[in-house]
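1. got a sequence here, can you build the structure:
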Amino acid sequence: MRIARDMVVELSYRLSTMQGEMLEESTAVEPVAYLHGGYDGIFPKLEAALEGLAAGAEADVVLDPEDAFGDYDAELVRMEDLDRFPPGVEVGMQFEGASEDGHHHLLYTVTDVAEGKVVVDGNHALAGRALRWRRPWTSGPSPSSPGAGACTRRAIRSTTSGGLSRSLTGR
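-> Predicted structure coming up:
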């Protein structure tokens, strides 16, 4: 069986930086599933590379920033007054907020707290970084297979809060 449109695909994979630092891994014991065919379940470049592969086939895909989380945007870093945040705000906390133009809701991460100011960054943690995705895919039942409906909308992009979810930054 080969990966094709409207097929639920289960993947085991490893996501790393180009320098080899492992960021995320899904094993055959706990694979990640997505609905193949342009449903925004995974990055388009990755989905295109998987199209037509047979079960167990190896894939090694380099995702440049524009193929994954976008380039780092210095305009998404903001300094705000400390009194705009709840008591006890600390580095690493995350808050939802609107972009300066008010058109996009972003997840901002606190990167510094000092002298009555809080620095927040609306970039995804992996913005501006090229990534390498590797591994074989595990299986591919059709969407009409028993139990397949439970995973038709699960996606690699939503597996971790810091991992592959572009939706956190509205990109």
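
2. how about residues contacting whichever strand in the chain runs longest?
-> Counting by DSSP state E, the longest strand found in the chain is strand 105-114. Contacts to strand 105-114, defined as CB atoms under 8 Å, 6 or more residues apart in numbering, come from residues 76-78, 82, 85, 89-99, 118-122, 125, 168-170. Every C-beta, even on glycine, is put in place using the N, C-alpha and C of the backbone.

3. just the buried residues of that strand, please?
-> Within strand 105-114, the residues scored as buried using 16 or more other CB atoms under 10 Å are 106-110, 113.

4. so residue 78: helix, strand or coil?
-> strand (DSSP: H, G, I helix; E, B strand; the rest coil).

5. ok, now which ones touch the closest residue to it other than its chain neighbours?
-> Among residues not flanking residue 78 along the chain, residue 120 sits closest, at 5.4 Å (CB to CB, 6 or more residues apart in numbering). Residue 120 sits next to 77-78, 80, 95, 97, 108-111 when contact means CB under 8 Å, 6+ apart.

6. same question, residue 64
-> residue 130.

7. now do it against residue 36, distance only.
-> As for residue 64, its distance to residue 36 is 22 Å (criterion: CB to CB, to the nearest Å).

8. give the PyMOL command for selecting the buried subset of the contacts of strand 105-114.
-> Selection of buried members from these for PyMOL, criterion 16+ other CB under 10 Å:
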select buried, resi 76+85+95+97+99+118+119+120+121+122+168+169
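
9. and the helix or strand following the longest strand of the chain, how far out from the chain's middle?
-> Using DSSP states H and E, the helix or strand that directly follows strand 105-114 along the chain is strand 117-121. Remark: strand 117-121 is offset 23 Å from the chain centroid, using CA atoms, centre = their mean, to the nearest Å.
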